[in-house]
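Engineer: This is a predicted model, with the sequence first.
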Amino acid sequence: MAKKYDLKDYRNIGISAHIDSGKTTLTERVLFYTGLIHRIQEVRGGGDGAKMDHMELEKERGITITSAAVTLPWKDKLVQIIDTPGHVDFTIEVERSLRVLDGAILVLCGSSGVQSQSFTVDRQMKRYNVPCLAFVNKLDRAGANPFKVKDQLREKLGHNPVMMQIPIGLEDEHEGVVDLIKLKAYYFDGANGENVREEDIPADLKEKAEDYRAQLFDTVSMFSDEMMELLLEEKEVPLELLHKTIREATIAKKITPVYMGSAYKNKGVQLLLDAVLAYLPSPLDRKYFAIDNNRLGEVSDPKEAMVEVKPDPKLPLVAMAFKITEDSYGQLTYTRIYQGSLTKGDNFFNPRLRKKQRIGRLVQMFSNERIEINDAKAGDIIAMIGVDCASGDTYCDESLNLTMESMYVPDPVIELAIKPEKQEDFAKLSKALNRFMKEDPTFKVHVDEESNETIIRGMGELHLEIYTQRIQREYKATVIVGQPKVNYREAPTVAAPYNYKHKKQTGGSGQYAHVVGTLRPLPEDSAVNFEFMNKVVGGNIPKEFVPGCERGFRESMDKGPLAGYQVIRVGVDLEDGSYHTVDSSEMAFKIAARQAFKEAFLSSKPVILEPIMKVEVETPTEFQGSVQGDLSSRRGVLSGSDMRDDFTVIDAEIPLAEMFGYSTDLRSMTQGKATFSMEFSRYRPVPMAIQEQLVAKFKEQQAKGNK
């Protein structure tokens, strides 16, 4: 952008929602009204597809797969937007975008309201403390009711919603909105709603508007003594004070202003953009912290090594790579600059790699297009070309050694085997898998030791399906994929003691280590999967051997002794032991710990856990009975249903193992009229009969391997 903007005029925002709530359609209108595109393309409209859905697969499927960034001017401010996927299989895209954004728009469907993935994106916003506005979209749809959606925001998501507008008509009579602060009606004329017309409020809505305006003032005045006093004295509240209070309360996440309209019918988008400028934070309004690696060794709690990074272009550089993609020009690294400035040709320090790296080219992203720039400063979201780093890396000035707080990466829940159809495609497949692993932290690859198969793991069937299609399209490698498999886990259920002595004499110095203690289960909601407590007193195990014990226990969790699955939720207390002055070593204690783990774990009444999915099915009411019956037959636990016009929304918790191929079954059961969404909920013990089968299969594989 040619014009230079002050930092107070920046708005870095994300657009997040449940799948198919209209995020990309909304972003397309924003691009049009800000003059960055001159023709609106629909998500499912054929032709070129929406600007922000630039991948061929996105255009074909009508869904967003990868987040896209764009920088645009609106009035006197600069807005940097990231449009994120709604589908839970691509949740890492939302996670990493919200990690670097200052504010967000939570889009909700006017008729469906708060849906299953609305909970997920709301949880992600809360995780990174991101303030948001709510936009109730699709008011032109049958059954649209923004007042009901506002209530759901409060009841289901725990927000304090404040209606900033009320609709003028709903469904096919939706014409515009009433602004409750100005008490004016707004209509959107022209072929694409580009002409905003301000009128007096229709007579039949005046009383309703006054009521909702009073509610707005009541709620907002709770956060300003000055405003409260004026209301009690029945005096006029200055607009400046009202806007200031709404802004401060929104940034502090004490209220959520609610806007509305229909992006598809070009209604309400410009007023939402005005609200982004008025109420969402600039980089100056948010506080961000980094860990000072130089202080980590001096403190017991990493939080004590935190330092604030300030959005000042004159301070030393601190920036974070939050997303990586590859194209014909090399690696493209999306970067948020938190402090200082970045200039083409600069050298910076990467604390993870512990080395300096040079920046070749800087670009500003416009979906998949790019504009070359020479420099960028605190608050900017840009991309660097050709810098070899990983997602989540921090770059900083050589005088600093800081690491920005990392983003949350959920564990994969599904896996399948993959191999090239022709041997000559093996190198292409390997190149593709390495690239995708680098780009997407939720996509994992490993080689199974027993079968020697390449296994890919991800967040769901669609996630892995998209990657296999990308391998075939982008790398021209035909692949064969196996049946999807569930990522089971193992966990102890009761505390079990261990007392293991490792003794080996082979001539010369031998090996000796003795460990005594308890293995115990951690609670289901534990923030960690492994907890090690050293309770040894009196020097029975010298301090230099304790890290070996911890490593032995930790490494034992990679492959559980019950059925070979990863072990979770384990606490280990090291209470006693003994050592030999000559024969003991860290390696001997590591071996002893591994054997002690196996012995104790098998005595802890271990269970195999399976991933349970939260499933939401929206079906015509006429098929409700057969859909519910089918869900129950899949070991599902129905948790409720909700009527929405002629549709019923069914909520259930179902094991992932029972959900493979569900989309095909659901389509045939409902004449293709039902839809569903699914996301990981938690791990739960499998029925004993299934556990016995899995253990028997593991023992059989071990027996084969030993032959």
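Structural biologist: Yep, it's here.
Engineer: remind me which residues of the stretch 401-550 of the chain are low pLDDT?
Structural biologist: Low-confidence segments of the stretch 401-550 of the chain (pLDDT under 70): 450-451, 506-508.
Engineer: now the strands for it?
Structural biologist: Shown for the stretch 401-550 of the chain, the strands assigned by DSSP state E, counting those that start in this stretch span residues 402-404, 414-420, 444-447, 454-458, 479-481, 485-486, 489-491, 496-504, 511-521, 530-534.
Engineer: Just tell me which of these ends up closest to Lys267.
Structural biologist: strand 454-458 (37.8 Å; CB to CB). Quick note: C-beta positions are derived from backbone N, CA and C, even for glycine.
Engineer: now the closest one against strand 414-420, angle please.
Structural biologist: Taking axes from the mean of the first three to the mean of the last three CA atoms, to 10 degrees, one finds strand 454-458 and strand 414-420 inclined to each other by 140 degrees.
Engineer: Direction included, what does strand 454-458 pair against?
Structural biologist: strand 414-420 (antiparallel), strand 444-447 (antiparallel) (DSSP bridges).
Engineer: TSV for the ones you listed, including distance to Leu277 and mean neighbour count?
Structural biologist: What follows is those, written out as TSV (distance: least, CB to CB, whole Å; neighbours: other CB atoms under 10 Å):
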stretch	distance to Leu277	mean neighbour count
strand 414-420	42	19
strand 444-447	41	13
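Engineer: Make a markdown table out of those strands and add distance to Ile13.
Structural biologist: A markdown table is the format used below for the strands paired with strand 454-458 (distance: least, CB to CB, whole Å):
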| stretch | distance to Ile13 |
| --- | --- |
| strand 414-420 | 32 |
| strand 444-447 | 31 |
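Engineer: Indicate which one of those strands is closest to Leu519.
Structural biologist: Among the strands paired with strand 454-458, strand 444-447 sits nearest to Leu519 (CB to CB), with 26.0 Å.
Engineer: Centre of the chain to the closest one, how far?
Structural biologist: Distance of strand 444-447 from its chain centroid, counting by CA atoms, centre = their mean, to the nearest Å, is 22 Å.
Engineer: circling back to that earlier point, out of the strands of the stretch 401-550 of the chain, nearest to Ser300?
Structural biologist: The closest of the strands of the stretch 401-550 of the chain to Ser300 is strand 530-534. By CB to CB, the value is 13.9 Å.
Engineer: packing partners for that closest one?
Structural biologist: Using 3 or more CB pairs under 8 Å, 6 or more residues apart in numbering; DSSP states H and E, the elements in contact with strand 530-534 are helix 546-556, strand 570-578.
Engineer: Nearest to Pro420 among those would be which one?
Structural biologist: Across these, Pro420 has its closest neighbour in helix 546-556 (31.8 Å, CB to CB).
Engineer: Could you pull up the mean pLDDT of stretch 563-577?
Structural biologist: Averaged over stretch 563-577, pLDDT sits at 93.
Engineer: so how far does that stretch reach from one end to the other?
Structural biologist: 29 Å (CA to CA, to the nearest Å).
Engineer: now do stretch 151-170
Structural biologist: For stretch 151-170, the first-to-last residue distance is 17 Å (CA to CA).
Engineer: hmm, back to that, just send the helices and strands packed on strand 530-534 back as a markdown table, with mean neighbour count and distance to Cys109 too.
Structural biologist: Below are the helices and strands packed on strand 530-534 laid out as a markdown table (neighbours: other CB atoms under 10 Å; distance: least, CB to CB, whole Å):
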| stretch | mean neighbour count | distance to Cys109 |
| --- | --- | --- |
| helix 546-556 | 20 | 45 |
| strand 570-578 | 21 | 42 |
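Engineer: Mind putting these into CSV with distance to Glu199?
Structural biologist: Output for the helices and strands packed on strand 530-534, formatted as CSV (distance: least, CB to CB, whole Å):
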stretch, distance to Glu199
helix 546-556, 67
strand 570-578, 66
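Engineer: Just the C-alphas of stretch 597-617, formatted as PDB.
Structural biologist: Presented in PDB, the C-alpha positions along stretch 597-617 are these (Å, rounded to 0.1, in the frame of the first residue of the first chain):
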ATOM      1  CA  PHE A 597       7.200 -48.700  33.500                       C
ATOM      2  CA  LYS A 598       6.100 -51.800  31.700                       C
ATOM      3  CA  GLU A 599       5.800 -53.800  34.900                       C
ATOM      4  CA  ALA A 600       3.800 -51.100  36.700                       C
ATOM      5  CA  PHE A 601       1.600 -50.100  33.700                       C
ATOM      6  CA  LEU A 602       0.400 -53.700  33.200                       C
ATOM      7  CA  SER A 603      -0.600 -53.800  36.900                       C
ATOM      8  CA  SER A 604      -2.500 -50.500  36.700                       C
ATOM      9  CA  LYS A 605      -5.600 -52.000  35.200                       C
ATOM     10  CA  PRO A 606      -4.900 -50.300  31.900                       C
ATOM     11  CA  VAL A 607      -7.600 -49.400  29.400                       C
ATOM     12  CA  ILE A 608      -7.500 -48.700  25.700                       C
ATOM     13  CA  LEU A 609      -9.100 -45.300  24.900                       C
ATOM     14  CA  GLU A 610     -10.800 -44.300  21.600                       C
ATOM     15  CA  PRO A 611     -11.500 -40.900  20.200                       C
ATOM     16  CA  ILE A 612     -15.100 -39.800  20.700                       C
ATOM     17  CA  MET A 613     -16.500 -37.300  18.200                       C
ATOM     18  CA  LYS A 614     -19.100 -34.600  18.800                       C
ATOM     19  CA  VAL A 615     -21.500 -35.000  15.900                       C
ATOM     20  CA  GLU A 616     -24.200 -32.600  14.800                       C
ATOM     21  CA  VAL A 617     -26.600 -33.800  12.100                       C
END
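Engineer: Pull out the buried positions in that stretch.
Structural biologist: Across stretch 597-617, burial judged by 16 or more other CB atoms under 10 Å covers 597-601, 604, 606-617.
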